[in-house]
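>>> When you get a sec, could you give me coordinates for this:
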Amino acid sequence: MESMRIDKWLWAARFYKTRALAVEEIGKGRVLVNDQTVKPAREVRAGDLVTLRQGAVIRTVLLKGLSNQRGPAPVAQQLYEETEASRLARETSAEQRRLAAEPALSIEQGRPTKRDRRQLDQARWGDRWSASADS
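Numbers count the residues shown, from 1 in each chain. Okay, the predicted model is just below:
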């Protein structure tokens, strides 16, 4: 076998869990082969340069081999070789995410407590018994 579809290869190399996910990412333009946007049926060969996005991470890999079946992760990792620049960028990005502040800490005010709710109701309704405007 000297060539195969890019969606099959992405699935076999374990970049995406299903071929449908691979097709979806290709359709969104998140997968490039030799710096060109592709369609799912695009044939790839050993030596092609594939750039793909997984979440916030952009990876560039050199295609080393082809496989028709999805095997274990160590076997799938033998199908490609990540470029040095891509590996360094991925590690730098992971380190930045690790050192970043917790997003939940930026929330200044969450749901009101029972006491806050009573104060809101008192300020909103005052001494009125109903919500109608004719009191």
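>>> Neighbours of the residue nearest to Ala89 when sequence neighbours are not counted, how many?
Nearest residue to Ala89 in three dimensions, chain neighbours excluded: Ile58, at 7.1 Å (C-beta to C-beta, 6 or more residues apart in numbering). No exception for glycine: its C-beta is placed from N, CA and C like everyone else's. Ile58 has 15 neighbours, counted by other C-beta atoms under 10 Å.
>>> Beta-bridge partners for Ile58, please?
Counting by DSSP bridges, Ile58 is bridged to Arg53.
>>> what separates it from Ser93, distance-wise?
9 Å (C-beta to C-beta, to the nearest Å).
>>> same check, this time on Ser67
On the measure of C-beta to C-beta, Ser67 and Ser93 end up 28 Å apart.
>>> Phi and psi next, for the residue minimising distance to the centre of the chain.
By C-alpha atoms, centre = their mean, the chain has its centre lying nearest to Gly55, at 1.7 Å. Per-residue torsions, Gly55: phi 70, psi -120 (degrees, to the nearest 10).
>>> which residue packs closest to Arg59, ignoring adjacent ones?
Ser86 (5.3 Å).
>>> So for Ser67 and Ser93, which sits in the more crowded spot?
Shown here are Ser67 and Ser93; by other C-beta under 10 Å, Ser67 has more neighbours (17 against 13).
>>> Report whether the more buried one is found in a strand, as I expect.
No: under DSSP: H, G, I helix; E, B strand; the rest coil, Ser67 sits outside any strand and is assigned coil.
>>> Is it in contact with Trp11, as I believe?
No: using C-beta atoms under 8 Å, Ser67 is not in contact with Trp11, being 9.8 Å away.
>>> State the three-state secondary structure for the residue nearest to Arg59.
Ser86 ends up helix, using three-state DSSP.
>>> burial of it, as a residue count?
Around Ser86 there are 16 residues (other C-beta under 10 Å).
>>> what's near enough to touch it?
Ile58, Arg59, Thr60, Val61 (C-beta atoms under 8 Å, 6 or more residues apart in numbering).
>>> and the two most separated of those residues?
Taking C-beta to C-beta as the measure, the contacts of Ser86 span a maximum distance of 10.9 Å, between Ile58 and Val61.
>>> so what sits against both of these two?
Thr51, Leu52, Ser86.
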